[in-house]
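Q: fold the following for me, if possible:
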Amino acid sequence: MIDAGPRRRPNPVWLGLGIVGWVGLVVLAGSMWNANPRAAGFDLELLLRAGRAVAEGQSPYDPSLVAGNAPAATDLFYSYPPPVAQAMSLFAAVPSAVMFAALWIVAVLGLAVGTRVVARRFAPDLGGSAAILPVVAVAPLFLPFAVALLFGNLDALFPFVYAVVLVGAVVPVGAARPRVIAGVALAAATVAKVHPGGLGLWFVGRAAREWREGRRSGGAAVVVVSAAVAALAIVVLSIALGGLDLWRDYLPVASAASNARLLDQLNAGPAAQLALLLGGDEALVRTIHLPVAIVAVVAALAAGAFVRDALTGVAIAAVASLVVLPVTWYHYPVALIPFGVAAILRARGTSAANRTTMLVAAAGIVATLSIAWVPGVWVAIALGLAAVFVSASASET
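A: Numbering: from 1, shown residues only. Alright, predicted model coming up:
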């Protein structure tokens, strides 16, 4: 579809910032990749090793984990469900360096496309480059995103996934295609990393609200059904191609991973940080996390059922999805980038435009500075949510 908005030359400030930021990040990545031992791409390497094992007819899981031995949360171990390793087996022959570069390219393209689909919904008159260029330019300066790229973590793809899901939440009821795409994306992300399933709870809550209001063909149900069908299809295809052995290995691995040692300064999860503050132990982390997880689930469902503004509600659910599991890493907030973009674009041209932009900018700055104090990411997330709330109040006036 051709942009309806006017064509403008790219702002040289954004171009300059983007060039400097990306060149610096690429140089840093090259230095870390060539370090001995290698300091970049280790998360991706785990996936590649798992894929190569599957390609050779072997289990992708460490025998120690299969035996039920719990690791530390910060240990490097493969505990993703079998479909991830099976998907990576398709690239078994591709050198790790090439895959690392490919992940960066796909992640940046995903960020650009995700920004564009959000812009089409909230600022359809805005030219494509006007929305995409600033976001891509500042991305390397947003350290959670930079860290996800440097580690080679799948979360670098989540700005695209969450953008697609966000659009599926806010499009009109009759727009079935974006909702089906949102459901498929949500299913794939949930099968891969589990915690995005918390975002799907918003659609369950919204579907219940639509049913209660007599809108039984409401759009949220389309996302829920699409996600369920896609997730089932992924699992069935996985079993059809690889048999049940991989899943038999995965079950004890999942159990062992759930017993991983969680008490660590790098774990930004609320339970871990509270336990550290109180001088507690592993038992305290797990005790605290139970109510945290319950609150997250209830918040996501309630946001769908009771929060009228869809963007605000799904933003709450997106934050809740980051704490469903007891581990929240520094790079997880990359998934929230589309919500900042949506807030700025929705407030554009209103009295709240400056406040919204400043809140989003503050959120990005605080998140970046939180590399020195990991709990600071929650301050950044709170600022981002505030931006969404402000943009909602502006859109209602």
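
Q: tell me which element residue 78 is part of?
A: Residue 78 belongs to no helix or strand when assigned by DSSP states H and E.

Q: next: residue 279.
A: Counting by DSSP H and E, residue 279 is found in no helix or strand.

Q: what's around residue 105, how many residues?
A: Using other C-beta atoms under 10 Å, residue 105 has 9 neighbouring residues. All C-beta atoms are positioned from the backbone trio N, CA, C, and that covers glycine.

Q: name the SS class of it, please.
A: Following DSSP: H, G, I helix; E, B strand; the rest coil, we place residue 105 in the helix state.

Q: and it, how far from residue 157?
A: Per C-beta to C-beta, to the nearest Å, residue 105 is found 11 Å from residue 157.

Q: now do residue 366
A: Residue 366 is 24 Å from residue 157, by C-beta to C-beta.

Q: gap between stretch 131-138 and the chain center?
A: 18 Å (C-alpha atoms, centre = their mean, to the nearest Å).

Q: could you pull up the mean pLDDT of that stretch?
A: For stretch 131-138, mean pLDDT is 93.

Q: and stretch 359-373, by the same measure?
A: Confidence for stretch 359-373, expressed as mean pLDDT, is 96.

Q: same deal with stretch 112-125?
A: Stretch 112-125 comes out at a mean pLDDT of 94.

Q: buried set for it?
A: 112, 114-123 (16 or more other C-beta atoms under 10 Å).

Q: for the residues you listed, which one is nearest residue 215?
A: The shortest gap between residue 215 and any of the buried residues of stretch 112-125 belongs to residue 121, at 20.3 Å (C-beta to C-beta).

Q: which residues touch the closest residue to the closest one other than its chain neighbours?
A: In space, and not counting its chain neighbours, residue 121 is closest to residue 167: 5.4 Å by C-beta to C-beta, 6 or more residues apart in numbering. By C-beta atoms under 8 Å, 6 or more residues apart in numbering, the residues touching residue 167 are 117-118, 121, 178, 182.

Q: just the residues you listed now: which is nearest residue 371?
A: Distances from residue 371 to these, taken by C-beta to C-beta, are shortest for residue 118, at 26.2 Å.

Q: quick one: residue 135 from residue 106, how far?
A: Distance from residue 135 to residue 106, by C-beta to C-beta: 16 Å.

Q: so for the two, which residue has more residues nearby?
A: residue 135 (24 against 13).

Q: these two touch, right, that one and residue 342?
A: No. Counting by C-beta atoms under 8 Å, residue 135 does not reach residue 342; the two are 11.3 Å apart.

Q: residue 350 against residue 394, yeah?
A: Yes. Using C-beta under 8 Å, residue 350 is in contact with residue 394, at 4.1 Å.

Q: pLDDT weak spots in the stretch 151-300 of the chain?
A: Residue ranges of the stretch 151-300 of the chain with pLDDT under 70: 216-218.

Q: related to what we said a few turns ago, compare residue 350 and residue 394 (neighbour count), which wins?
A: residue 394 (19 against 16).

Q: excluding its backbone neighbours, what's nearest that one?
A: residue 352 (3.4 Å).

Q: and that neighbour, what does it touch?
A: 390-391, 393-394.

Q: so for it, what's the pLDDT?
A: pLDDT at residue 352 comes out at 93.

Q: residue 366 and residue 157 - which one has more neighbours?
A: Using other C-beta under 10 Å as the criterion, residue 366 and residue 157 rank with residue 157 on top: 23 against 19.

Q: my guess is that one contacts residue 110, does it?
A: Yes. Residue 157 is within contact range of residue 110, at 5.4 Å (criterion: C-beta under 8 Å).

Q: in the stretch 1-150 of the chain, which spans are helices?
A: 12-33, 42-55, 63-66, 82-88, 96-122, 128-138, 143-151 (DSSP state H, counting those that start in this stretch).

Q: mean pLDDT lowest for which of the ones you listed?
A: helix 63-66 (a mean of 86).

Q: list the helices and strands that helix packs on?
A: helix 245-258 (3 or more C-beta pairs under 8 Å, 6 or more residues apart in numbering; DSSP states H and E).

Q: can I get the helix it packs on as PDB, trimmed to CA atoms?
A: Output of helix 245-258 as PDB, limited to C-alpha atoms (Å, rounded to 0.1, in the frame of the first residue of the first chain):
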ATOM      1  CA  ASP A 245      11.100 -38.200  22.100                       C
ATOM      2  CA  LEU A 246      12.000 -34.500  22.000                       C
ATOM      3  CA  TRP A 247       8.900 -33.700  24.000                       C
ATOM      4  CA  ARG A 248       9.700 -36.500  26.500                       C
ATOM      5  CA  ASP A 249      13.100 -34.900  27.100                       C
ATOM      6  CA  TYR A 250      11.600 -31.400  27.300                       C
ATOM      7  CA  LEU A 251       9.200 -32.200  30.200                       C
ATOM      8  CA  PRO A 252      11.900 -32.800  32.800                       C
ATOM      9  CA  VAL A 253      14.000 -30.000  31.300                       C
ATOM     10  CA  ALA A 254      11.100 -27.600  31.800                       C
ATOM     11  CA  SER A 255      10.700 -28.900  35.400                       C
ATOM     12  CA  ALA A 256      14.400 -28.400  36.100                       C
ATOM     13  CA  ALA A 257      14.400 -24.900  34.500                       C
ATOM     14  CA  SER A 258      11.400 -24.000  36.700                       C
END
